[in-house]
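[1] structure, please.
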Amino acid sequence: MSNDDIILKVEHLSMKFGGLMAINDFSFEAKRGEITALIGPNGAGKTTVFNCITGFYKPTMGMITLRQKSGKEYLLERLPDHEITKTAKVARTFQNIRLFSGMTVLENLLVAQHNKLMKASGYTVLGLLGIGGYKAESKRAIEIAEHWLEMADLIDRADDPAGDLSYGAQRRLEIARAMCTEPEFLCLDEPAAGLNPSESLTLNKLLRSIRADSGTSIMLIEHDMSVVMEISDHVVVLEYGRKISDGTPDHVKNDPKVIAAYLGVEDEEVEEVIATVESLEGGENA
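    Predicted coordinates:
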């Protein structure tokens, strides 16, 4: 894999909280234009990795390099958190939905473009008066918002309060709002959490569309293995802050170390457990 193919490179990442080593010497690469899933049992350290990438935590050790399409590179661990979004073009969503429920669906997407609109106004009342470049930038902001509402299948709800949307629609709105910042790297923290099967299918369609139409690289934390295996190009598995597997979905789901981690048994017990399960299934089918 050449450097041009890599958008994110994490090298020897470690994160310590007091005496607890939450992430220990963790390294991986995310390829440009792919969906990379970060999975593992509860407490494996997945969200800590996300928080290091997006600037909420500064790692104890290690390097996190983001390489933009232009070839420009940023060491994310050295950037202030707001610069990771603004300059390095990294966006994220959270496990808990963080919409402005009293604002309309469209207004939520315009808020995501606040910095651009403020810059166009010259940080003065010129924006209120529609003077200078603000009017054109405002029109462009609405066009971007409407594009992502179409992509998220929410255009017919544009004028409704965001709080009136179903849970699944709110999840899609959060992703659409993140995309309004025009990121090169999108981090999604459990986007399928709480979704029913139909909503999960709609989410999968949206994520595939983002990858195909915008070229945005996606990294997600997810417990829903049907989502992970359906849409991911690359899967990285954490257990107790260490990487135990890294590869295609097929490689990872058949890796004995991954099976052991999810079953809560030692590696050498995996074959015995699988044999027992197969034996029981054979007895039920007899």
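
[2] could you look up the SS state of residue 143?
    helix (DSSP: H, G, I helix; E, B strand; the rest coil).

[3] check the gap between it and residue 181 for me.
    15 Å (CB to CB, to the nearest Å). Where C-beta positions appear, they are placed from N, C-alpha and C, glycine not excepted.

[4] now do the strands in the stretch 101-250 of the chain.
    185-189, 217-221, 234-239, 242-247 (DSSP state E, counting those that start in this stretch).

[5] okay, those in TSV with distance to residue 30 next?
    Output for these, formatted as TSV (distance: least, CB to CB, whole Å):
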stretch	distance to residue 30
strand 185-189	8
strand 217-221	6
strand 234-239	7
strand 242-247	11
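
[6] can you redo the ones you listed as JSON lines with mean pLDDT, mean neighbour count and distance to residue 205?
    Below are these laid out as JSON lines (pLDDT from 0 to 100; neighbours: other CB atoms under 10 Å; distance: least, CB to CB, whole Å):
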{"stretch": "strand 185-189", "mean pLDDT": "96", "mean neighbour count": "24", "distance to residue 205": "15"}
{"stretch": "strand 217-221", "mean pLDDT": "96", "mean neighbour count": "25", "distance to residue 205": "13"}
{"stretch": "strand 234-239", "mean pLDDT": "96", "mean neighbour count": "23", "distance to residue 205": "20"}
{"stretch": "strand 242-247", "mean pLDDT": "96", "mean neighbour count": "18", "distance to residue 205": "25"}
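
[7] and of those, who's closest to residue 109?
    Of all the strands of the stretch 101-250 of the chain, strand 185-189 sits nearest to residue 109, with 14.9 Å by CB to CB.

[8] packing partners of the closest one?
    Applying 3 or more CB pairs under 8 Å, 6 or more residues apart in numbering; DSSP states H and E, one finds that strand 185-189 makes contact with helix 46-53, strand 90-92, helix 167-179, strand 217-221.

[9] try it again at 10 Å.
    strand 6-17, strand 35-39, helix 46-53, strand 90-92, helix 167-179, helix 197-209, strand 217-221 (3 or more CB pairs under 10 Å, 6 or more residues apart in numbering; DSSP states H and E).

[10] adding distance to residue 250, write the ones you listed out as CSV.
    Shown next, in CSV, are the helices and strands packed on strand 185-189 (distance: least, CB to CB, whole Å):
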stretch, distance to residue 250
strand 6-17, 22
strand 35-39, 13
helix 46-53, 21
strand 90-92, 28
helix 167-179, 26
helix 197-209, 18
strand 217-221, 18
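
[11] quick one, which of the ones you listed is nearest to residue 76?
    Of all the helices and strands packed on strand 185-189, it is helix 46-53 that lies closest to residue 76, at 6.2 Å by CB to CB.

[12] tilt between that closest one and strand 185-189?
    150 degrees (axes from the mean of the first three to the mean of the last three CA atoms, to 10 degrees).

[13] list the buried ones in stretch 219-232?
    219, 220, 221, 222, 224, 227, 228, 229, 231, 232 (16 or more other CB atoms under 10 Å).

[14] how much space separates the first one from residue 90?
    In this case it means residue 219. For residue 219 relative to residue 90 (CB to CB), the value is 10 Å.

[15] repeat that for residue 218.
    Residue 218 is 11 Å from residue 90, by CB to CB.

[16] so what sits against both of the two?
    183, 185, 186, 187 (CB atoms under 10 Å, 6 or more residues apart in numbering).

[17] list the beta-bridge partners for residue 218.
    residue 35, residue 186 (DSSP bridges).

[18] returning to that earlier point: so which of the buried residues of stretch 219-232 comes closest to residue 17?
    residue 221 (18.5 Å).

[19] residue 99 versus that closest one, what's the distance?
    19 Å.

[20] same deal with residue 210?
    Counting by CB to CB, the gap from residue 210 to residue 99 is 18 Å.

[21] re earlier: out of the helices and strands packed on strand 185-189, which gets nearest to residue 148?
    Across these, closest to residue 148 is helix 167-179 (CB to CB), at 3.9 Å.
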